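S.K.: task: produce atomic coordinates for the following.
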Amino acid sequence: MRRALLVIAIVVVLLGGGVWAYFSFFASAPGIAVAPAGSATLPSAGQANAPGTAFATAAATSSPTPVSARLVKISAGPVVPGEAVVDLPAANASSSPDVAVHYIERQSGNVFSYSERTGILTRTSNRTIPGIEMAAWLPDASAAFVRYLSGDSFGTVNTYALPADGSSGFFLPQDLADVAVSSSSVLVLASGVNGSSASVMRADGTHTAQVFTTPLSSLRVSFAGKGRYLAFTKPSAALAGDAFIVDGTGRFTRIAGPLNGLVALASPSGTLVLVSSVAGGVMRMELVNTSTGEATGLPVATLADKCAWTADSSALYCAVPQNPPLGYAYPDDWYQGAVSFSDSLWKINVTGRYAEFVLDLAKETGSPVDAEALAVDPGATTLVFVDKNDGALWSYAL
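M.R.: Numbering: from 1, shown residues only. Next comes the predicted model:
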């Protein structure tokens with residue numbers, strides 16, 4: 001009897017120790033550091049976590065590094081593809097105007113602003129949203145619409161309006177297929193097996209209105225001037241794609257295609273669309289006039305996703321691969337990271353109808369640069385881009 005009581009006491013002690021160890025070491029372990037769907041706020045530094053989330057302290061970002069008189073590595077990265085480049089007026093009569101580059105650190109989701117004039121880097125938001133895949137900024141850099149996986153077993157894609165100053169934002173509908181922004185509006189695309197539906201809303205998420213529906217279920221969308229939209233089928237080297245201009249009534253007009261690997265980029269005015277495609281494994285580019293449908297071939301070739309329009313639609317800046325490797329399926333293998341490029345920067349002057357060499361990135365930096373997410377400030381004085389190889393953010397004075 002005494003032995004039985006001793007055994008029972010030992011078992012109770014062991015069980016108690018196990019329960020204590022669980023709650024001490026496992027029950028408080030952090031989960032995935034993302035906001036739950038439907039939440040109106042996200043955790044920030046020094047703030048209690050929302051249920052089901054965890055806070056991860058942001059790692060210190062690297063300091064800007066001038067490489068030459070005109071080229072600066074703003075951040076060693078990785079940063080989120082998608083930046084906002086804003087012209088700032090002079091603070092006073094004795095100072096010069098400035099250009100501010102706003103971007104998001106991928107590891108933490110923190111927002112930073114870099115001053116071209118002073119070279120100072122400032123963190124403007126410490127809200128923690130790790131794993132952001134892309135960001136679409138409002139032109140004034142007041143907020144970015146970021147997309148990231150929720151971390152659930154369904155692979156849900158969340159889209160969150162992240163204010164640059166760290167204040168609370170709001171969630172958009174889940175599993176959106178695409179998001180684009182203009183000066184005051186946000187274009188969102190929902191896709192399913194029965195087709196796609198696009199809606200436009202104000203930048204604060206109010207006054208949502210449907211702008212078009214289509215049986216096409218695999219699209220990318222953007223604004224193409226006032227009251228018009230660009231829609232094109234998601235690019236693949238194996239499939240012929242088409243590009244369309246959609247007017248305010250939802251009517252589709254095909255402006256390019258069918259072309260394999262088609263990618264399209266509308267000018268801010270909507271009068272021209274840059275179209276890239278692939279034929280026989282070779283990239284090519286053309287400009288399409290959206291009013292006449294006339295296509296003009298260009299002397300340099302890259303993917304339209306490696307280009308950016310100037311604000312006045314007079315020119316394009318493109319990262320053009322030098323001797324792109326043969327035997328790959330473009331753009332698929334580039335998107336998937338199976339191949340990378342060594343780029344040069346080129347300016348395509350639409351008004352003058354000429355292409356101008358700007359910079360050999362590998363020669364300037366000492367290593368190949370595969371540029372993506374190009375952006376130009378409204379005054380066309382600064383070009384920024386992300387190196388796809390390591391996620392570093394660069395700035396070049398034009």
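S.K.: quick one: low-confidence parts of the protein?
M.R.: 1-62, 153 (pLDDT under 70).
S.K.: which residues in it form helices?
M.R.: 2-25, 332-335, 361-365 (DSSP state H).
S.K.: against residue 237, how distant is the closest residue to residue 175 other than its chain neighbours?
M.R.: Once flanking residues are discounted, residue 175 sits nearest to residue 157: 5.1 Å by CB to CB, 6 or more residues apart in numbering. Glycine gets a C-beta too; all of them are placed from N, C-alpha and C. Residue 157 sits 25 Å away from residue 237, taking CB to CB, to the nearest Å as the criterion.
S.K.: identify the bridge partners of residue 143.
M.R.: Beta-bridge partners recorded for residue 143 (DSSP bridges): residue 163.
S.K.: got a list of what it touches?
M.R.: 137, 161, 162, 163, 164, 169, 203 (CB atoms under 8 Å, 6 or more residues apart in numbering).
S.K.: buried members of the residues you listed into ChimeraX, please.
M.R.: To isolate the buried members of the contacts of residue 143 in ChimeraX, using 16 or more other CB atoms under 10 Å:
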select :137,161,162,163,164,169,203
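S.K.: ok, so of the contacts of residue 143, who is nearest residue 177?
M.R.: Using CB to CB, residue 161 comes nearest to residue 177 of those, at 17.4 Å.
S.K.: and the residue lying closest to that closest one once chain neighbours are set aside, what does it touch?
M.R.: Distances taken as CB to CB, 6+ apart put residue 169 closest to residue 161, at 4.1 Å, once the chain neighbours are dropped. Counting by CB under 8 Å, 6+ apart, residue 169 makes contact with 42, 143, 160, 161, 162, 163.
S.K.: distance of residue 169 from residue 146?
M.R.: Noted for residue 169: a distance of 9 Å to residue 146, by CB to CB.
S.K.: same thing with residue 349?
M.R.: 33 Å.
S.K.: what sits opposite the closest residue to residue 305 other than its chain neighbours in the beta ladder?
M.R.: Computed as CB to CB, 6+ apart, the closest residue to residue 305 that is not its neighbour in sequence is residue 263, at 5.6 Å. Using DSSP bridges, the bridge partners assigned to residue 263 are residue 276.
S.K.: quick check: residue 263 touching residue 235?
M.R.: Yes: using CB atoms under 8 Å, residue 263 is in contact with residue 235, at 4.9 Å.
S.K.: can you pull the residues that touch both of the two?
M.R.: residue 331.
S.K.: closest one of the contacts of residue 169 to residue 75?
M.R.: So of those, ranked by how close each gets to residue 75 (CB to CB), first place is residue 162, at 17.5 Å.
S.K.: ok now do the closest one, which residues does it touch?
M.R.: The neighbours of residue 162, taking CB under 8 Å, 6+ apart as the test, are 42, 104, 109, 111, 125, 127, 129, 135, 143-146, 169.
S.K.: count of neighbours near residue 326?
M.R.: Around residue 326 there are 7 other residues, counting by other CB atoms under 10 Å.
S.K.: count the residues that sit near the nearest residue to it once chain neighbours are set aside.
M.R.: By the measure of CB to CB, 6+ apart, the closest residue to residue 326 outside its immediate chain neighbours is residue 281, 6.4 Å from it. When neighbours are defined as other CB under 10 Å, residue 281 has 14 of them.
S.K.: residue 281 and residue 339: what is the separation?
M.R.: Distance, residue 281 to residue 339, using CB to CB: 12 Å.
S.K.: if we can go back for a sec, surely the residue nearest to residue 326 touches residue 333?
M.R.: No: the criterion here is CB under 8 Å, and residue 281 misses it with residue 333 at 10.7 Å.
S.K.: of the contacts of residue 169, which pair is most distant in space?
M.R.: Every pair of the contacts of residue 169 checked by CB to CB; the farthest is 42 and 143, at 13.1 Å.
S.K.: what distance do you get for residue 145 to residue 249?
M.R.: Plainly put, residue 145 is 26 Å away from residue 249 if you go by CB to CB.
S.K.: tell me which of those two has more neighbours.
M.R.: The neighbour count for residue 145 versus residue 249, taken as other CB under 10 Å, is higher for residue 145 (24 against 8).
S.K.: nearest spatial neighbour of that one, chain-adjacent residues omitted?
M.R.: residue 136 (4.7 Å).
S.K.: OK, contacts around that neighbour?
M.R.: Applying CB under 8 Å, 6+ apart, we find residue 136 in contact with 82, 144, 145, 179, 180, 181.
S.K.: closest to residue 326 among these?
M.R.: Of all these, residue 82 has the smallest distance to residue 326: 30.5 Å, by CB to CB.
S.K.: for the spatially closest residue to that closest one that is not a sequence neighbour, what are its contacts?
M.R.: Distances taken as CB to CB, 6+ apart put residue 135 closest to residue 82, at 3.6 Å, once the chain neighbours are dropped. Neighbouring residues of residue 135 by CB under 8 Å, 6+ apart: 80, 81, 82, 83, 103, 104, 144, 145, 146, 147, 162.
S.K.: what is the nearest of those residues to residue 358?
M.R.: Using CB to CB, residue 83 is the member of those that lies nearest residue 358, at 18.3 Å.
S.K.: next, the contact list for that closest one, please.
M.R.: Per CB under 8 Å, 6+ apart, neighbours of residue 83: 101, 102, 103, 135, 137, 373, 375, 384, 386, 393.
S.K.: let's have those residues in TSV, adding distance to residue 289.
M.R.: Formatted as TSV, these follow (distance: CB to CB, whole Å):
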residue	distance to residue 289
101	32
102	33
103	34
135	31
137	28
373	26
375	24
384	29
386	30
393	34
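S.K.: how much space between residue 217 and residue 308?
M.R.: Relative to residue 308, residue 217 is positioned 28 Å away (CB to CB).
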